[in-house]
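K.L.:
compute the structure for the input listed below.
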Amino acid sequence: MSNIITRFMDMPTEIKGMTLLDDDGNYNIYINDRLCPFSRMETLKHELSHINNSDFRIDTNVKNVEEALCYA
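P.N.:
Below you'll find the model as predicted:
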């Protein structure tokens, strides 16, 4: 079973968040610490939707995944 680990860190302002799947099968969500609390929560929801949609198990371009998620 996979774990979800959430970290808040200082990132460039154009990056709200990202999720990486590590070698142990854990999802590591990184949220930009510069965001306001509301934006942090919205970014967390967005990143969790990638996990729920199994986006890490499909073979496609990240841009295509983001576009599909934004229009779903």
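
K.L.:
in the sheet, who's paired with I31?
P.N.:
F8, G17 (DSSP bridges).

K.L.:
ok, it touching L44?
P.N.:
Yes - at 6.0 Å, I31 counts as touching L44 under the criterion of Cβ atoms under 8 Å. For glycine as for every other residue, the C-beta is placed from the backbone atoms N, C-alpha and C.

K.L.:
next, the contact list for I5, please.
P.N.:
26-29 (Cβ atoms under 8 Å, 6 or more residues apart in numbering).

K.L.:
pull the longest helix from this protein.
P.N.:
helix 37-52 (DSSP state H).

K.L.:
helices or strands next to that helix in the packing?
P.N.:
strand 4-9, strand 17-21, strand 27-32, helix 62-70 (3 or more Cβ pairs under 8 Å, 6 or more residues apart in numbering; DSSP states H and E).

K.L.:
pLDDT of the last one, averaged?
P.N.:
Going back to what we said before, that points to helix 62-70. When pLDDT is averaged over helix 62-70, the result is 50.
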